[in-house]
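Asks: need coordinates for the following:
(4 chains)
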Number of protein chains: 2
Amino acid sequence: MKPKLDDVAKLANVSKTTVSRVLNKRGYLSQETIDKVYDAMEKLNYQPNTVARQLYNKKTQIIGLIFPTVTNPFFGELVEELEKKLYLQGYKVIIGNSMNDPEKETNYLNQLLSNQVDGLIVGTHNRNIQQYKNDNLPIVAIDQIMNEDIPIIESDNYLGGQIATQRLIDKGARKIIHIAGPDYLNTPAQRRRNAYEDTMEKYNLEPICYTVDFNIPYKDKIQIFNRMFEEQPDIEAIFSSNDLDAAIIMKLAKNFNKKIPEDILLIGYDGTQLMRTIFPELTTIIQPINQISSKAIEVLNDRLESKETLKEYILPVTLWEGSTS
Amino acid sequence: MKPKLDDVAKLANVSKTTVSRVLNKRGYLSQETIDKVYDAMEKLNYQPNTVARQLYNKKTQIIGLIFPTVTNPFFGELVEELEKKLYLQGYKVIIGNSMNDPEKETNYLNQLLSNQVDGLIVGTHNRNIQQYKNDNLPIVAIDQIMNEDIPIIESDNYLGGQIATQRLIDKGARKIIHIAGPDYLNTPAQRRRNAYEDTMEKYNLEPICYTVDFNIPYKDKIQIFNRMFEEQPDIEAIFSSNDLDAAIIMKLAKNFNKKIPEDILLIGYDGTQLMRTIFPELTTIIQPINQISSKAIEVLNDRLESKETLKEYILPVTLWEGSTS
DNA sequence: TTGTAAGCGTTATCAG
DNA sequence: CTGATAACGCTTACAA
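Replies: Next up is the predicted model:
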């Protein structure tokens, strides 16, 4: 059995209160008592029970992070940044990889909000969060519309989509295909697609979208892209809303005897550290993961202190000029 | 204020006990009571307080995962698998990215073991865990020696190193360089290096190792590899203990006018889904992430039930035959 | 400077 | 079938 406060108290011949005071360095205590208590704690190898403290304080010092999958470098790096920064503020993180499974996500949401976490940062792409309406919950969303009361942190998706499309057009491409996330998801990321469509229209070009759920198995993606190459033999450029897909497309292009950038221009999206390091040649739009995570935490802190927040925070994107377009 | 059991009880005109029974579907209850209670819960939008339950049950249903960084695809995929499988068993996960910072790691270890988690799966590379000796703690380690009492789950690092080195030799390379993790870390992964050295010796070849801490910034790695290319102009093959480093090396080789595999043979290590998808040409040793995670959880469960476990579990590796060697 | 006792929100025992 | 009550381990008024 693990020793508890009372065991320490008995061994040190003091009351629980005193031990608690020593533990939390509160109030006046004689040095003698302090020493006695520390001695006892050491002898018993005492560790305070976090859960009991959480119950009393009504705070867990835990933040829940719900994201589709930490396996995608964008989310991996984002989650890592969030963890790092929250750690410095004394928080731990519970992570839920929802895999865009609505049931799993709802489950996490419900359970974590049962006093298990102090706040939530959510980046999944599902809806059904009606139940939390009006509740002024300590939640912020990243790139995701949950409901009107939950602030959204995002990078400038429209501008990103515009920069990407414009670049391909400027480089002479006319038949430009866009790989997008599923359009039933009304996320801010869809603005990349809107920007693509608007820009194409502006030049009287026909927008062509292929839709890929970004966390289906790789082999399914490969199938879709292979079909795309078959259906679009005269394709001149591709704007992928995701670097991973762009990288896969680069590999597949070879099989169709298409060279990048000679035959097909390519631009991706996200621009993670990882991709910039192992695929520096891939031109892409960089999302400011560092700023996104900082802002998300800042806004969450505001919410926790019941301060007013904006509904939406838009952070700047930048272009990574590789050689694929 | 969030409603509590008592509020529900009052509204439904029953006792706390009854509400608790309804909540946990225990004991005999009249349908009428059940309905009344559910009604009240709904009206108040009641959510049971997880922390209070944790205190009573002395279980949190949380497992702590401590790994260097979720940003490395190997750990990312491992953590994801662990989370997925633990979720199905009713566990949540707290994640600590130690970044090989001993202080942060110790901190996590101490705090999480303060009744905050039911068990721990640890994959970090630091020592200093003396304090936990003899304690029969519910911990398992992945690829990491913590102390004699903590079981280790690992893939067959020696065999992996052997297969890799042998392959390079079979393909005709003689001057073969190995990129290894820092050797002050006495981890099972060092057996890859041992295997490399043994195999080289067997063929009377001189082993040459470059040491790279795997979570230093990318630009520092690039510096080290550039130096390597300068110092070793007649290099014929490289065995990297990490696919990311292998990928970086592939990019850098171009700058030195070295073609892979024509001029330099290359083999990596880890073989994550991600790398096999976006770098299928990279020959590598696949660690069985799925099996590792399953075994880790299985052994942790045994520990939680105070069953005897082995000290070490070694899982098989396989070769991914790309075109880089 | 230290101790007593109440309370944080649950669950389970035991009695009715 | 239902209800008091103690307990989980800690913190803090309030007293001494």
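
Asks: in which helix or strand does A:Arg192 reside?
Replies: Element membership for A:Arg192, per DSSP states H and E: helix A:190-202.

Asks: distance between that helix and the chain's centre?
Replies: 24 Å (Cα atoms, centre = their mean, to the nearest Å).

Asks: what sits up against it?
Replies: A:157-162, A:164-166, A:169, A:176, A:178, A:180-181, A:183, A:206-207, A:209, A:239, A:241, A:269 (Cβ atoms under 8 Å, 6 or more residues apart in numbering or on different chains). In short, each C-beta sits where N, CA and C put it, glycine included.

Asks: next: stretch A:159-173.
Replies: Contacts of stretch A:159-173 (Cβ under 8 Å, 6+ apart): A:176, A:178, A:191-196, A:198-200, A:203, A:205, A:236-237, A:239, A:241, A:265, A:267, A:269, A:283, A:285, A:287, A:316-317, A:319, A:325.

Asks: and that stretch, which residues are buried?
Replies: A:Leu159, A:Gly160, A:Gly161, A:Gln162, A:Ile163, A:Ala164, A:Thr165, A:Arg167, A:Leu168, A:Ile169, A:Ala173 (16 or more other Cβ atoms under 10 Å in any protein chain shown).

Asks: may I have that stretch as PDB, with CA atoms only?
Replies: The C-alpha trace of stretch A:159-173 is given here as PDB (Å, rounded to 0.1, in the frame of the first residue of the first chain):
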ATOM      1  CA  LEU A 159      -4.300  33.200 -48.900                       C
ATOM      2  CA  GLY A 160      -2.400  29.900 -48.900                       C
ATOM      3  CA  GLY A 161      -4.600  28.500 -51.500                       C
ATOM      4  CA  GLN A 162      -4.300  31.700 -53.500                       C
ATOM      5  CA  ILE A 163      -0.500  31.800 -53.400                       C
ATOM      6  CA  ALA A 164      -0.300  28.200 -54.400                       C
ATOM      7  CA  THR A 165      -2.700  28.400 -57.300                       C
ATOM      8  CA  GLN A 166      -1.300  31.700 -58.500                       C
ATOM      9  CA  ARG A 167       2.200  30.300 -58.500                       C
ATOM     10  CA  LEU A 168       1.200  27.400 -60.700                       C
ATOM     11  CA  ILE A 169      -0.600  29.700 -63.100                       C
ATOM     12  CA  ASP A 170       2.400  32.100 -63.200                       C
ATOM     13  CA  LYS A 171       4.600  29.300 -64.100                       C
ATOM     14  CA  GLY A 172       2.500  28.600 -67.100                       C
ATOM     15  CA  ALA A 173       0.200  25.800 -66.100                       C
END
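
Asks: next, the buried residues of stretch A:259-274.
Replies: A:260-261, A:264-274.

Asks: one more: stretch A:243-254?
Replies: In stretch A:243-254, counting by 16+ other Cβ under 10 Å, buried: A:Asp243, A:Leu244, A:Asp245, A:Ala246, A:Ala247, A:Ile248, A:Ile249, A:Met250, A:Leu252, A:Ala253.

Asks: could you do stretch A:289-302 as well?
Replies: A:Ile289, A:Ile292, A:Ser293, A:Ser294, A:Lys295, A:Ala296, A:Ile297, A:Val299, A:Leu300, A:Asp302.

Asks: quick one: mean pLDDT for the helix holding A:Arg192?
Replies: Summarised as a single mean, pLDDT over helix A:190-202 is 96.

Asks: give me the contact list for the very next helix or strand once past it.
Replies: Downstream of helix A:190-202, the next assigned helix or strand under DSSP H and E is strand A:208-211. For strand A:208-211, contacts defined as Cβ under 8 Å, 6+ apart pick out A:175-183, A:193, A:196, A:224-225, A:228, A:232.

Asks: so which elements touch the helix or strand containing A:Ser294?
Replies: In the assignment (DSSP H and E), A:Ser294 maps to helix A:289-304. The contact analysis (3 or more Cβ pairs under 8 Å, 6 or more residues apart in numbering or on different chains; DSSP states H and E) places helix A:289-304 against helix A:73-88, strand A:119-122, strand A:139-142, strand A:152-155, strand A:312-315.

Asks: just checking: what are the partner strands of the second one?
Replies: To tie it back to what came earlier, the one meant is strand A:119-122. With DSSP bridges as the test, strand A:119-122 is paired with strand A:62-67 (parallel), strand A:139-142 (parallel).

Asks: re earlier: out of the buried residues of stretch A:289-302, which comes closest to A:Lys58?
Replies: Minimum distance to A:Lys58 across the buried residues of stretch A:289-302 is 17.4 Å, recorded for A:Leu300 (Cβ to Cβ).

Asks: sorry, back to before: let's have the strands paired with strand A:119-122 in CSV, adding distance to B:Ile121, mean neighbour count and mean pLDDT.
Replies: CSV is the format used below for the strands paired with strand A:119-122 (distance: least, Cβ to Cβ, whole Å; neighbours: other Cβ atoms under 10 Å in any protein chain shown; pLDDT from 0 to 100):
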stretch, distance to B:Ile121, mean neighbour count, mean pLDDT
strand A:62-67, 18, 24, 96
strand A:139-142, 27, 26, 94
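
Asks: could I get those strands as a markdown table with distance to DNA strand C?
Replies: Converted to a markdown table, the strands paired with strand A:119-122 look like this (distance: least, Cβ to the nearest atom of the strand, whole Å):
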| stretch | distance to DNA strand C |
| --- | --- |
| strand A:62-67 | 16 |
| strand A:139-142 | 20 |
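
Asks: and the closest residue to DNA strand D within the stretch 51-200 of chain A, what does it touch?
Replies: As assessed by Cβ to the nearest atom of the strand, DNA strand D sits closest to A:Ala52 within the stretch 51-200 of chain A, at 3.3 Å. Residues near A:Ala52 by Cβ under 8 Å, 6+ apart: B:Leu55, B:Asn115.

Asks: could you redo the last one with a cut-off of 6 Å?
Replies: B:Leu55 (Cβ atoms under 6 Å, 6 or more residues apart in numbering or on different chains).

Asks: and it, what helix or strand is that in?
Replies: If you go by DSSP H and E, A:Ala52 is part of helix A:50-57.

Asks: check which residues of that helix are buried.
Replies: In helix A:50-57, counting by 16+ other Cβ under 10 Å, buried: A:Thr50, A:Val51, A:Ala52, A:Arg53, A:Gln54, A:Leu55.

Asks: that concludes my questions; thank you for your assistance.
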